[in-house]
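Undergrad: Would you be able to build a 3D model of this:
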Amino acid sequence: MPELVFFSGTMDCGKSTLALQIEHNRSARGLEGMIFTRNDRAGEGKLSSRLGLVTAAVEADASMDFYAHLVGHLSAGGRVDYVIADEAQFLTPEQIDQLARVVDDLGLDVYAFGITTDFRTKLFPGSQRLIELADRIETLQVEALCWCGARATHNARTVDGVMVVEGAQVVVGDVNQPTGEVGYEVLCRRHHRRRTTSATARVGALSPDVLPVSS
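TA: Below is the predicted model of the structure:
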């Protein structure tokens, strides 16, 4: 039976790498997939991993109707055996409903990849709808680590190395961004609550007036 599967995890846990591996394994067996992504770090129309792997993808903006797009492709004589949707947290709830319809009405497996919560620990609307509708939810087993060495469970947004907790839900950035730019860092819950990033922890450890934060 076809399924809607949601692969979730924090940043740096290998979601896009797994998406690329699934694509490789199935295409090597003669299957043809359609890959969608949104706001990928490598730019529009690409699916990339931090390991340097990249492949072409369909950029899915907010106006994309996944079901209509796939029906149009199939009606024109195209072939699709499965669907991959990376950065699924950025999709709208309506688009997740469309992906569920692709599974139910077109009989295609849909593999969606995304982070569950934003930098404020709030659910992304796309991820919330996936949790509500997915046939299966898989938490990736590659554990990202906080700077303290504990398992990272939360995504933090930083500016100049300092964690911020206000702003738009979606601001494109990446881990290890240059100083002064928007960046992201994975933290354990304790240090996310304390707003202690790797940069502020180093400053605190070096300052005689600030006690280092225990992990």
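Undergrad: Could you use CA atoms for every contact and neighbour count after this?
TA: Will do.
Undergrad: Quick check: residue 8 touching residue 139?
TA: Yes - look at residue 8 against residue 139 with C-alpha atoms under 8 Å: they come within range, at 5.1 Å.
Undergrad: neighbour count winner among the two?
TA: residue 8 (26 against 14; other C-alpha atoms under 10 Å).
Undergrad: Please report how far the more buried one lies from residue 108.
TA: When C-alpha to C-alpha, to the nearest Å is applied, the distance between residue 8 and residue 108 equals 20 Å.
Undergrad: ok, now residue 120?
TA: When C-alpha to C-alpha is the yardstick, residue 120 and residue 108 sit 34 Å from each other.
Undergrad: ok, the two, which is more surrounded?
TA: residue 108 (21 against 17).
Undergrad: Which residue ranges make up each domain of the protein?
TA: What automatic domain parsing lists as the domains of the chain is 4-139, 154-206.
Undergrad: Mind checking those for the one nearest to residue 148?
TA: Proximity to residue 148, assessed across those by C-alpha to C-alpha, is greatest for domain 154-206 (8.1 Å).
Undergrad: and the closest one, average pLDDT?
TA: Averaging pLDDT along domain 154-206 yields 79.
Undergrad: Equivalent analysis for stretch 108-124, please.
TA: This predicted structure assigns stretch 108-124 an average pLDDT of 92.
Undergrad: what's next to that stretch, contact-wise?
TA: The set of residues external to stretch 108-124 that reach it, using C-alpha atoms under 8 Å, 6 or more residues apart in numbering, is 2-11, 15-16, 19, 80-90, 99-100, 102-103, 127-128, 154-157, 165-166, 169.
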